[in-house]
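Peer 1: Fold the following and give me the result.
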Amino acid sequence: MPAPAGRSAAIADIVEDRPTGVDWHSPQETARLLGMMTDVHKAKVAAARATGSRAVGTIYKRTRPDARGERRQRAEVRFDGVAGCLRTPVGGSSRQTIIVVEGARVRTRLLSPREAARLMGLDDDFWLPDHYNSAYHVAGDGLAVPVVRHLADHLLEPLADAAGGAVEAVA
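Peer 2: This is a model prediction of the structure:
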């Protein structure tokens with residue numbers, strides 16, 4: 001099977017300054033998230049600030065053991081242009097948080113449902129429910145359209161054809 005095409009967009013390409021369905025966090029909430037980071041992740045934010053240019057990343061909250069072995073919620077940041085796992089907002093699962101650093105200014109907010117849909121390969125004209133959790137369920141815990149299409153083209157459909165069956169992919 002051939003390797004899939006490289007990604008054509010980074011997280012910064014899909015993030016909106018004025019998203020629908022989510023608001024930017026208050027400075028206090030952003031400070032709380034930054035305070036949940038270990039020194040390694042705080043250093044990533046500091047490095048992004050030091051560039052003086054716009055850096056867009058994601059934050060994912062996870063429970064990790066602290067120095068005493070006690071489980072503690074931590075915020076982990078990445079600025080590599082890739083979003084982490086999209087999880088549906090049920091059962092306490094963490095939702096993806098956007099972080100935008102522009103020099104000294106740092107802003108955070110939840111990933112919008114439209115941004116989540118974009119990450120999964122859905123077009124902007126794809127209908128999403130109005131309610132945040134319902135819309136986020138469309139993308140969370142799902143399979144990305146480009147991944148399914150690649151697997152269908154190079155694995156599933158050839159296997160079905162070799163077995164004598166006709167398969168039409170939806171993706």
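
Peer 1: Every contact and neighbour count from this point should use C-alpha atoms.
Peer 2: OK.

Peer 1: The lengthiest helix in the chain packs against which elements?
Peer 2: Secondary structure assigned by DSSP state H gives helix 39-51 as the longest helix of the chain. Helix 39-51 is packed against strand 71-78, strand 97-102, with contacts defined by 3 or more CA pairs under 8 Å, 6 or more residues apart in numbering; DSSP states H and E.

Peer 1: Now with 7 Å, please.
Peer 2: strand 97-102 (3 or more CA pairs under 7 Å, 6 or more residues apart in numbering; DSSP states H and E).

Peer 1: Just after the strand it packs on, pick out the following helix or strand.
Peer 2: Moving toward the C-terminus from strand 97-102, the next helix or strand (DSSP states H and E) is strand 105-110.

Peer 1: What's the first helix or strand after that following strand?
Peer 2: Immediately after strand 105-110, counting by DSSP H and E, sits helix 113-119.

Peer 1: Name the residues of the helix or strand following that next one that come out as buried.
Peer 2: Next in sequence after helix 113-119, counting helices and strands by DSSP H and E, comes helix 132-139. Neighbour-count burial for helix 132-139 flags 132, 135-139 (criterion: 16 or more other CA atoms under 10 Å).

Peer 1: where in the chain is pLDDT low?
Peer 2: Residue ranges of the chain with pLDDT under 70: 87-94, 141, 165-171.

Peer 1: what about the residue most central in space within it, is that helix, strand or coil?
Peer 2: By CA atoms, centre = their mean, the chain has its centre lying nearest to residue 83, at 3.5 Å. At residue 83, secondary structure determined by DSSP: H, G, I helix; E, B strand; the rest coil is coil.

Peer 1: Now do it against residue 157, distance only.
Peer 2: Residue 83 sits at a distance of 29 Å from residue 157 (criterion: CA to CA, to the nearest Å).

Peer 1: Same question for residue 74.
Peer 2: From residue 74 across to residue 157, the span is 43 Å (CA to CA).

Peer 1: So those two - more neighbours on which side?
Peer 2: For residue 74 versus residue 157, neighbours defined as other CA atoms under 10 Å are more numerous around residue 74 (21 against 17).

Peer 1: That one contacts residue 36, correct?
Peer 2: Yes: applying CA atoms under 7 Å, one finds residue 74 in contact with residue 36, separated by 5.0 Å.

Peer 1: ok, back up a step: which of the buried residues of helix 132-139 lies closest to residue 119?
Peer 2: Among those, residue 139 lies closest to residue 119 (CA to CA), at 8.3 Å.

Peer 1: Now residue 154: phi and psi?
Peer 2: Per-residue torsions, residue 154: phi -110, psi -10 (degrees, to the nearest 10).

Peer 1: got the contact list for it?
Peer 2: Residues near residue 154 by CA atoms under 7 Å, 6 or more residues apart in numbering: residue 1.
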